[in-house]
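Asks: Build me a model:
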Amino acid sequence: MAADVFAALADPTRRRLVELLGEGERSVSEMAAEVDIHQPGVSRHLRILHEAGFVSVRAEGQRRLYSLRPEPFLKLDAWMQRYASDQLARLRRLAQLVEEEPNKRK
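Replies: Numbers count the residues shown, from 1 in each chain. From the prediction side, this is the model:
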């Protein structure tokens, strides 16, 4: 997993834009109204998300419409699941030890 993926999602404004795009395709002006920053700022954040592979853009007349790309989220989820399953296995072993401990005291 490339560090730029995490850097792209580290910013709270970019995470908010991802949330908005999760609801469907939007223009820059629509998103600017939702995040309370000017259009150039939204465009800059969208460029970073686009370069990291999280969003795609298409032209519709004069407007540019942005949408989420599922592939990087699936890769991120698979990467996180690998660590989550390790932690889950550790928690299960701990739970087993905790359950065995009262039996040893008797």
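Asks: mind listing what's buried in the helix or strand hosting residue 77?
Replies: Assigned by DSSP states H and E, residue 77 belongs to helix 70-105. Buried positions in helix 70-105, judged by neighbour count with 16 or more other CB atoms under 10 Å: 72, 73. Backbone N, C-alpha and C define where each C-beta goes, glycine included.
Asks: pLDDT of that helix, averaged?
Replies: Averaged across helix 70-105, pLDDT comes to 83.
Asks: Now the terminal residues of stretch 58-75, how far apart.
Replies: 23 Å (CA to CA, to the nearest Å).
Asks: Kindly apply the preceding question to stretch 14-34 instead.
Replies: Terminal-residue distance, stretch 14-34 (CA to CA): 12 Å.
Asks: list the buried ones in it?
Replies: Quick answer for stretch 14-34 (16+ other CB under 10 Å): 14, 16, 17, 18, 20, 21, 26, 27, 28, 31, 32.
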